[in-house]
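A.B. asks: could you look at this predicted model? Sequence included:
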Amino acid sequence: MSEKKAPVAPRSADAESVGGAERTQFQMIVSRFLRHRAAMISLAVLVVIVLFTFVGPLLWRWDHTVHLEVPPSVPPNPDHPLGTTTAGHDVLGQLMRGTQQTLKVAFTVSVLGTVIGSLWGATAGYYGGRVDGLMMRVVDVFLIVPLLVMVAAIAGNVRGGTTWYAVALIISFFAWAQIARVVRGVVLSLREQEYVEAARASGASPGWIIVRHLLPNAAGPIIVAATLLIAVAILLEAGMSFLQFGIQPPDISLGQMISDARTAVSTRPWLFYPPGLMLLAICLTINFIGDGLRDALDPRQSMVRR
């Protein structure tokens, strides 16, 4: 006589499909990003740059502020691989410090600009109507005004000179508008979804719906826009420093190094090309990483369920 087996309670089909879909979607995003060769190479280069910038000063013997007892503008040599400046500073030490300050500005702007722009755009897209019209007119004003001109004008009036965090706050105040426009467009298509209607019916507040439902589902475009904002912030900071409105001595940034060496391109190239090439490398890596994230998070990609 065969032994009867106790019936097994069936698993929730909805929970299983949802959990499997989430895992599969994440795996597909990672897989698509890993297959993007340019993005992976750029990510590796960016990691090396970050380590060089933040770990290098702990290992290198010459600080960016140390005045060396050497003749001015010494060419690259074993003691100073990138040479020295006309003021007797080690160029390699200054390059580490300058890149560090530029990256601090860029990442701070990316975080603050993304937070402000996402909340502003999501609020405008959710409410629509007159609220949307009024809020987006404010965005249009920020987009119309030349960004570098406004940032430089405000930075030039900061008493005591501008530090890296002051530069970051000034740029963030103007750099959020483009992200707000992107998020608003995504939220306009999401606010009529069933899960948003269900949240409204359950009595959830607009703020809860925006933060809990709309922004997480707009994460893909937000991440891509935040990544590209890093490159925008780097170029803005470099432009400000080049015009003498950015980070001021005794601190230093890549833009300031380029500005100081602009008349020595042909006579003392070791002063101009290291910061210029570093700036170019960072912007290129950020843009390639942004392209990889855009391809990986593309909502038009069909999700394969296993």
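C.D. replies: Yep, that arrived.

A.B. asks: how about the helix or strand containing V105: buried residues?
C.D. replies: Here V105, judged by DSSP states H and E, is contained in helix 91-127. Neighbour-count burial for helix 91-127, with 16 or more other C-beta atoms under 10 Å as criterion, is recorded at 91-110, 112-114, 116-127. In short, each C-beta sits where N, CA and C put it, glycine included.

A.B. asks: cool, and stretch 205-214?
C.D. replies: I209, I210, H213, L214.

A.B. asks: mind saving the C-alpha coords of it as PDB?
C.D. replies: Output of stretch 205-214 as PDB, limited to C-alpha atoms (Å, rounded to 0.1, in the frame of the first residue of the first chain):
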ATOM      1  CA  SER A 205      -0.300  61.200   1.100                       C
ATOM      2  CA  PRO A 206       1.200  62.800  -2.000                       C
ATOM      3  CA  GLY A 207       4.600  63.000  -0.400                       C
ATOM      4  CA  TRP A 208       4.500  59.300   0.500                       C
ATOM      5  CA  ILE A 209       3.500  58.400  -3.000                       C
ATOM      6  CA  ILE A 210       6.200  60.500  -4.600                       C
ATOM      7  CA  VAL A 211       9.000  59.100  -2.300                       C
ATOM      8  CA  ARG A 212       7.800  55.600  -1.900                       C
ATOM      9  CA  HIS A 213       6.400  54.800  -5.400                       C
ATOM     10  CA  LEU A 214       7.300  57.300  -8.100                       C
END
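
A.B. asks: show me the contact partners of it.
C.D. replies: Residues from elsewhere that reach stretch 205-214 (C-beta atoms under 8 Å, 6 or more residues apart in numbering): 119, 122-123, 125-127, 187, 190-191, 195-196, 199-200, 204.

A.B. asks: could these go into a markdown table alongside distance to V232 and pLDDT?
C.D. replies: Formatted as a markdown table, the contacts of stretch 205-214 follow (distance: C-beta to C-beta, whole Å; pLDDT from 0 to 100):
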| residue | distance to V232 | pLDDT |
| --- | --- | --- |
| L119 | 19 | 93 |
| A122 | 21 | 93 |
| T123 | 23 | 93 |
| G125 | 22 | 91 |
| Y126 | 26 | 90 |
| Y127 | 28 | 90 |
| V187 | 22 | 91 |
| L190 | 25 | 87 |
| R191 | 28 | 85 |
| Y195 | 33 | 85 |
| V196 | 31 | 85 |
| A199 | 34 | 84 |
| R200 | 36 | 85 |
| A204 | 35 | 83 |
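
A.B. asks: picking up where we left off before, quick one: which of the buried residues of stretch 205-214 is nearest Q244?
C.D. replies: Checking these against Q244 with C-beta to C-beta, the nearest one is I210 at 41.2 Å.

A.B. asks: now the strands for the chain?
C.D. replies: For the chain, strands defined by DSSP state E do not occur.

A.B. asks: middle-most residue in it, spatially?
C.D. replies: I230 (3.1 Å; C-alpha atoms, centre = their mean).

A.B. asks: run the chain-centre distance for the helix holding V105.
C.D. replies: 5 Å (C-alpha atoms, centre = their mean, to the nearest Å).

A.B. asks: ditto for stretch 226-238
C.D. replies: The answer for stretch 226-238 is 7 Å, by C-alpha atoms, centre = their mean.

A.B. asks: please list the outside residues in contact with that stretch.
C.D. replies: Under C-beta under 8 Å, 6+ apart, the answer for stretch 226-238 is 102-103, 105-107, 109-111, 113-114, 147-148, 151, 167-168, 171, 175, 178-179, 246-247, 253-255, 258, 279, 282-283, 286-287, 289-290, 293.

A.B. asks: alright, that wraps it up for me.
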